[in-house]
Each structure stands twice: as structure tokens, then as C-alpha cells.
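Chemist: Structure, please.
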Amino acid sequence: KNMNQLHTGLELSTAFQPCQKFRLDGAFYYGYWKTTSNADADFKYYEHPEANKTETLYVKDLYIGDAPQTQLALAATFFPIHGLSAQIVMKYYDRFYADWNP
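Modeler: Numbering: from 1, shown residues only. Model (predicted):
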């Protein structure tokens, strides 16, 4: 309980189609997701209630996981004939931290 998080980021995307048969797409995302405080955890011992206690979990400044905080995508799309397209996509992910749960 009492654990706070900060989620901020910048996202940009663009497309450029110089002719009817070809298009370039690009996207960039940079996120900053961190915990901003420590958390209190209640430990309950059902067989020995007198041993119940509250402890501090030192999680301040840990990164939030389960999604890449830096992402880059580039795509080239070809339209050889009406109704048909072929696409090449490149994706890059970085700062991808493990998911965790206190």
C-alpha cells in the first residue's frame, strides 16, 4: 500500500507517401515509468496473529516493467496493384524491464 508511480513519455509518428505505390511510416516512443515512493506491506500470520507486522518495501526509483519504455518502428509499404500491398516492418525495443509485484 502507499506505492506511487510516475508514467510520462513522448510519442511521435509520421508517414510519408512520395507516390501512389510507396509509403514510409515511422514511430518513436520514449517512456519514463518509475515508482516515486516506497511501500508499506502488511504481513499476516494466521496461525500466530501476534507476529503480524508492517514492513517497508524499498521500491522507490525502480522502473515499472512489462512493457518497453523505448520503442522504434519503421515500415515501408508497397502498393503494386489496386487492392494489394506488401509491407516490410522493423521494430526495436529497449529498456524492457521485468514485471514485478510487491
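
Chemist: and the residue sitting furthest away from the middle of the chain, which of the three is it?
Modeler: Distance from the centre of the chain peaks at Glu50, with 41.2 Å (C-alpha atoms, centre = their mean). The three-state label given to Glu50 by DSSP: H, G, I helix; E, B strand; the rest coil is helix.

Chemist: what's the spacing between it and Asp42?
Modeler: 14 Å (C-beta to C-beta, to the nearest Å). Yep, even glycine has a C-beta here, placed from its N, CA and C like the rest.

Chemist: Leu62 too?
Modeler: 20 Å.

Chemist: what's the answer for Pro49, then?
Modeler: 12 Å.

Chemist: again, but for Asn4
Modeler: Asn4 is 18 Å from Asp42, by C-beta to C-beta.

Chemist: need the contact list for the closest residue to Lys53 other than its chain neighbours.
Modeler: Leaving aside its sequence neighbours, Lys53 sits nearest to Phe43 (C-beta to C-beta, 6 or more residues apart in numbering; 5.3 Å). Neighbouring residues of Phe43 by C-beta atoms under 8 Å, 6 or more residues apart in numbering: Asn52, Lys53, Thr54, Glu55.

Chemist: Give me the phi and psi angles of Phe43.
Modeler: The phi/psi pair for Phe43 (degrees, to the nearest 10) reads phi -100, psi 120.

Chemist: Check the one 5 residues further on too.
Modeler: His48 adopts backbone torsions of phi -140, psi 80, taken as degrees, to the nearest 10.

Chemist: next one: Lys60
Modeler: phi -60, psi 140.

Chemist: Give me the nearest residue to the residue nearest the centre of the chain, chain neighbours excluded.
Modeler: Centroid-nearest residue in the chain: Ala67, 3.1 Å away (criterion: C-alpha atoms, centre = their mean). Leaving out its chain neighbours, the residue that sits closest to Ala67 by C-beta to C-beta, 6+ apart is Phe96, at 7.4 Å.

Chemist: which residues does that neighbour bridge with?
Modeler: Taking DSSP bridges as the rule, Phe96 bridges to Pro68.

Chemist: who touches it in this structure?
Modeler: Taking C-beta under 8 Å, 6+ apart as the test, what Phe96 contacts is Gly65, Ala67, Pro68, Gln69.
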